[in-house]
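[1] Need coordinates for the below:
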Amino acid sequence: MPITNPRLRKVEPLDYFSRAKGGERALLIEPHAPGADCRQTEAEFAELARSAGAEVVWQLLARVEKPNPRYYIGSGKVEQIAALCVEKQIDVVLVNRSLSPVQERNLEAACHCRVVDRTGLILDIFAQRARSHEGKLQVELAQLRHLATRLVRGWTHLERQRGGAIGLRGPGETQLEIDRRLLSERVKILEGRLQKVTVQRSQARRQRERGKLPVVTLVGYTNAGKSTLFNALTGADVVVADQLFATLDPTLRKLGGLASGPALIADTVGFVRDLPHDLVAAFRATLAEVCDADLLLHVIDAADPERCQRIVEVNQVLAEIGADALPQILIYNKIDLIDGASVGSVGVDSDQQTRVRVSASTGLGLDLLRTAISQDLNHAHWHGDIKLPLSAGRLRSRLFAAGVVDTESAEEDGWKMAIDGPESRIVPLFGLPDGDGEWLRACLKSVSAAAR
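    As a prediction, this is how the structure comes out:
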């Protein structure tokens, strides 16, 4: 229903964007270039639809040489879809592409049923899975940003003239403009609340840094087995399900049994190809757990025939959030599903990345994985003593902020510090301005040789 009360604290979504109800009959459209093999993308999109609660009734391929500005797909294919919607009693048409608002509106008019693109479908799944206060805020913000460009579809029957100016006299502020204004106000409220969450998370991270516990973060394509591995390593009871985006909110636990000492391990949301940019932007507070990690455990479904492409897609998302330079261990999970595959470390590749084969569900290879984690954490740990002059107060505060100062003693001409921290926190300090970075690099030159 239309939004009429400007004091509402929560914006009600339009009917088109409401959460999919279980059992909705869905027709899936898979646009593809001529000659392209789209079997994997078609299967993944069907799994996304089922994860949203839809009943996949029919899947249809649509060859697209050049996107049609009106429908994205060809007009002949639109007629076929409209006939199928009547014949199969379709409730919603799902398109495996990001559509413009005009294309969605035209497809809905032609098919006489709701049309949701890939971005809207992923946002709907996230809305169903969000459990924490932070996760719900992030999902709602992403939804509203996506919805703001599509409000016109619900109010095409209303006059949109503005009042109070020559040549533009009309009924004044229309319902469409009211909705846009209220959405804008709600977005500002959510951004403010998420900013507070960001501050709280940064404070928690600083506390962990002072505790000298390195942070290991699980990343990977959705449904690669990250939560199963997380439970196997920590004994936690994070929700595990054979579906996409089963885990949304990040979880941290203490990881023991490492030769390098205890560490913290974080389980994060899985990635997927063409992850909506609005969603990435809204989840920056959560994804900061990835950016601030000392080591990434990149979990890969070894039984997935598209695993090489999945690695590329995950690395693209890591690059987008600024975490592509962090050290990684490639973990090939689910080897129990591969005939003849053996457990163990594959070794180090040309990019100096350790590869380990494990089975999180059976526990095979977990001891080797702990050994690999210990070796990488030790390899990337720096320690040594430096002396700062009294004029280096700014650099001193930055070292404390990075959480790499173990002990400090004041002297007449400055401070003597024992530096102890992972490489991922120390190396970025080498880029500090005003010569601080270069000076620190020179001081730690002998330390780095010993630490490595």
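[2] Can you give the domain ranges for the protein?
    Domain assignment of the chain by automatic domain parsing yields the ranges 15-126, 129-196, 212-379, 381-451.
[3] rank those by mean pLDDT and give me the bottom one.
    Lowest mean pLDDT of the domains of the chain: domain 129-196, a mean of 67.
[4] okay, how far is it across that one, tip to tip?
    Using Cα to Cα, to the nearest Å, one end of domain 129-196 lies 22 Å from the other.
[5] if we can go back for a sec, same list (the domains of the chain) but as TSV, adding mean neighbour count.
    C-beta here means a position set from N, CA and C on the backbone, and glycine is covered the same way. As requested, these are arranged in TSV below (neighbours: other Cβ atoms under 10 Å):
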stretch	mean neighbour count
domain 15-126	18
domain 129-196	15
domain 212-379	19
domain 381-451	15
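[6] where along the stretch 201-350 of the chain do the strands fall?
    Using DSSP state E, counting those that start in this stretch, the strands of the stretch 201-350 of the chain run over residues 215-220, 251-255, 263-267, 295-301, 328-333, 344-348.
[7] Any chance of the ones you listed in a markdown table with distance to Glu47 as columns?
    Listed next are those as a markdown table, based on distance: least, Cβ to Cβ, whole Å:
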| stretch | distance to Glu47 |
| --- | --- |
| strand 215-220 | 16 |
| strand 251-255 | 23 |
| strand 263-267 | 20 |
| strand 295-301 | 13 |
| strand 328-333 | 18 |
| strand 344-348 | 28 |
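[8] Quick one: closest of those strands to Glu30.
    Among the strands of the stretch 201-350 of the chain, the nearest to Glu30 by Cβ to Cβ is strand 295-301 (21.5 Å).
[9] residues touching the residue lying closest to Arg118 once chain neighbours are set aside, list them.
    Leaving aside its sequence neighbours, Arg118 sits nearest to Asn96 (Cβ to Cβ, 6 or more residues apart in numbering; 5.4 Å). By Cβ atoms under 8 Å, 6 or more residues apart in numbering, the residues touching Asn96 are 28-31, 41-42, 45, 118.
[10] closest to Leu364 among those residues?
    Using Cβ to Cβ, those come closest to Leu364 at Thr41, 30.9 Å.
[11] Give me the helices and strands touching the helix or strand harbouring that closest one, please.
    Taking DSSP states H and E as the criterion, Thr41 maps to helix 39-51. Judged by 3 or more Cβ pairs under 8 Å, 6 or more residues apart in numbering; DSSP states H and E, the packing partners of helix 39-51 are strand 24-32, strand 54-63, helix 118-129.
[12] Tabulate the ones you listed (CSV), appending distance to Asp367.
    Below are the helices and strands packed on helix 39-51 laid out as CSV (distance: least, Cβ to Cβ, whole Å):
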stretch, distance to Asp367
strand 24-32, 43
strand 54-63, 41
helix 118-129, 32
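[13] quick revisit: is it possible to get CSV of the contacts of Asn96 that adds distance to Val405?
    Shown next, in CSV, are the contacts of Asn96 (distance: Cβ to Cβ, whole Å):
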residue, distance to Val405
Leu28, 55
Ile29, 57
Glu30, 55
Pro31, 55
Thr41, 49
Glu42, 54
Phe45, 50
Arg118, 47
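[14] Go through the residues you listed and name the one nearest Cys111.
    When these are compared for distance to Cys111 (Cβ to Cβ), Ile29 wins out at 10.1 Å.
[15] Would you confirm that that closest one contacts Leu84?
    No: the criterion here is Cβ atoms under 8 Å, and Ile29 misses it with Leu84 at 10.0 Å.
[16] Find residues that contact each of those two.
    Leu60.
[17] mind listing the strands for the stretch 51-200 of the chain?
    Using DSSP E, counting those that start in this stretch, strands in the stretch 51-200 of the chain cover 54-63, 92-95, 114-117.
[18] which other helices and strands contact the last one?
    The elements that strand 114-117 packs onto, with contact taken as 3+ Cβ pairs under 8 Å, 6+ apart, are strand 92-95, helix 101-111.
[19] Using a markdown table, lay out the ones you listed together with distance to Phe430.
    Shown next, in a markdown table, are the helices and strands packed on strand 114-117 (distance: least, Cβ to Cβ, whole Å):
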| stretch | distance to Phe430 |
| --- | --- |
| strand 92-95 | 47 |
| helix 101-111 | 46 |
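[20] wait, which of the ones you listed is closest to Val317?
    Here strand 92-95 is closest among these (Cβ to Cβ), at 22.1 Å.
[21] by contact count, what packs against that closest one?
    Applying 3+ Cβ pairs under 8 Å, 6+ apart, one finds that strand 92-95 contacts strand 24-32, helix 101-111, strand 114-117, helix 118-129.
[22] a markdown table please, covering the ones you listed and showing distance to Leu182.
    Listed next are the helices and strands packed on strand 92-95 as a markdown table, based on distance: least, Cβ to Cβ, whole Å:
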| stretch | distance to Leu182 |
| --- | --- |
| strand 24-32 | 28 |
| helix 101-111 | 18 |
| strand 114-117 | 23 |
| helix 118-129 | 19 |
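[23] of all the ones you listed, which lies closest to Ile265?
    helix 118-129 (20.8 Å).
[24] tell me the angle of that closest one relative to helix 101-111?
    Helix 118-129 and helix 101-111 are oriented at 90 degrees to each other (axes from the mean of the first three to the mean of the last three Cα atoms, to 10 degrees).
[25] Helix 118-129 to helix 39-51, inter-axis angle?
    40 degrees.
[26] which SS class is Asp434?
    On the three-state scheme (DSSP: H, G, I helix; E, B strand; the rest coil), Asp434 is labelled coil.
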